[in-house]
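Sequence first, then the predicted structure, then my questions.
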Amino acid sequence: MTDSLHEMPNIPEPTEGLTDEDKKFNEIAELSKNGYLLLKDNRIDEAEHAFRKILELEVKNNYALVGLGDAARKRNKFRDAVDYYTECLASHPGNNYALFGLADCYKALNQYNKAIEIWEQYLQHDDRNITVLTRVADAYRKIRDFRQSKLLYLRVLDMEENNPYALIGLGHLHYDFKEYRDALYYWQKMLEINEASVDIRVLTSIGNCHRKLKTFEQGIYYFERALSMDADNFYALFGLADCYRGMNQQFRSVEYWNKILAKDPNNKVILTRAGDAYRNMGDYDLAQQYYQRALDIEFDVYAVLGLAMISKIQGRYEESATSLSRLIQSDPKNFRLYLELAECKMNLNDRQGAIAALQDFQRLGIRNQLVSEMLDRIKPREA
């Protein structure tokens, strides 16, 4: 006996007494078996050749059409794969392999509603398939249907306690909906199950929950654990920098912003964050260099804002007000710009200009407590 299909001896089928139909059936079976073995070995050209030979023998053969769909999917040619699976389903409705492949293609094409529709058809035939249930839950998460997504993830956990895909999915789901404590619960469960061989993404996800909850010191512990596994991990470096920023330890945060920039010197977001850190440390020359590096890549609201803030700090109020007014045109809903502009106007002894700036923001119909408080503070009291 042999251990796997790869090692099976090529014993010719007895042909005596077989009809032409029997011979065709045997040939198709052999081609199909070989095609799928070739596909498993990533010998895609040879697999496709075998499947096309089947279609010469039987035009609508379901194994060949699914095989060609699988081959196209392996090449990331998802639209071609959709055509093969759809053709198969037209002749063989309810073919589970075609349904599964088709749904996966729609998912890869970000057509999540179509993927859900196909997976729901699959579940009519096999409603306890955990792989499909988690994929449907993932798709509902992508279209931000919190209730349906959570329902399916929990259904998986009822069937298989501590299923990693369901726990990870629930972690992402709650995080996406800003329910950080619930997200933390599911990520912590993942850590408890795999403490000895934890995936670095679990550690950075736990760290991110703490970052969002502003429990920065706890977040630092998990990001540092992640860095001990991969010293260049972007998410761990970013998380540490942002935690130290939240703790107002700018000198520590800039250390990690610069570690990211050492690997990715043209990261505009990180350049502006580093610029902010240097500005908050009072190193205005260095801050300006970082903001300018960001602007050399392309226009960036936060880089221009950072430069305007430096101008304001250094008493160049007119220059700062001009920059802020231009920024408001490109980012009219950013309340912070109006507050900074109003402060510049006040420093220029232009109270009416400050009031006008804050009222411009209020006319957008957006409520903001800081804007309202400043307006109350600077508006003259009515007699």
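On my side now, so go ahead. Numbers count the residues shown, from 1 in each chain.

In stretch 161-176, which residues are buried?
Within stretch 161-176, the residues scored as buried using 16 or more other C-beta atoms under 10 Å are 163, 165-175. (Each C-beta comes from the backbone N, C-alpha and C, glycine too.)

again but with stretch 79-96, I slipped
Of the residues in stretch 79-96, those buried (16+ other C-beta under 10 Å) are 80-82, 84-85, 87-89, 92, 95.

who's in contact with it?
60, 62, 65-66, 68-70, 72-73, 98-99, 101-102, 105-106, 109, 121-122, 125-126 (C-beta atoms under 8 Å, 6 or more residues apart in numbering).

Next: stretch 42-52.
31-32, 34-36, 38-39, 63-65, 67-68, 71, 74-75.

Can you tell me which of those residues is nearest Ile310?
Nearest to Ile310 out of those is Arg75 (C-beta to C-beta; 52.0 Å).

Let me know the distance separating the residue lying closest to that closest one once chain neighbours are set aside from Lys178.
Once flanking residues are discounted, Arg75 sits nearest to Ile44: 6.5 Å by C-beta to C-beta, 6 or more residues apart in numbering. From Ile44 across to Lys178, the span is 43 Å (C-beta to C-beta, to the nearest Å).

neighbour-wise, which of the two wins?
A count of neighbours by other C-beta atoms under 10 Å puts Ile44 above the other of Ile44 and Lys178, at 15 against 9.

Where do the helices of the stretch 51-200 of the chain begin and end?
Assigned by DSSP state H, counting those that start in this stretch, the stretch 51-200 of the chain shows helices spanning 62-74, 78-91, 96-108, 112-125, 130-142, 146-159, 164-176, 180-193, 200-213.

So which of those helices is nearest Thr19?
Among the helices of the stretch 51-200 of the chain, if distance is taken as C-beta to C-beta, the winner is helix 62-74, at 20.8 Å.

orientation of the closest one relative to helix 96-108 in degrees?
Interaxial angle of helix 62-74 relative to helix 96-108 (axes from the mean of the first three to the mean of the last three C-alpha atoms, to 10 degrees): 20 degrees.

packing partners for helix 62-74?
helix 20-40, helix 44-57, helix 78-91, helix 96-108 (3 or more C-beta pairs under 8 Å, 6 or more residues apart in numbering; DSSP states H and E).

now, of those, which is deepest in the fold?
Highest mean neighbour count of these: helix 96-108, a mean of 22 (counted as mean count of other C-beta atoms under 10 Å).

CA atoms only: put that helix into CSV for me.
Output of helix 96-108 as CSV, limited to C-alpha atoms (Å, rounded to 0.1, in the frame of the first residue of the first chain):
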residue,chain,number,x,y,z
ASN,A,96,-20.5,22.9,-3.3
TYR,A,97,-17.0,23.3,-4.8
ALA,A,98,-18.2,25.8,-7.4
LEU,A,99,-20.2,27.8,-4.7
PHE,A,100,-17.2,27.9,-2.4
GLY,A,101,-14.8,29.0,-5.1
LEU,A,102,-17.2,31.6,-6.5
ALA,A,103,-17.8,33.1,-3.0
ASP,A,104,-14.1,33.3,-2.4
CYS,A,105,-13.6,35.1,-5.7
TYR,A,106,-16.3,37.7,-4.9
LYS,A,107,-14.6,38.2,-1.5
ALA,A,108,-11.2,38.7,-3.2
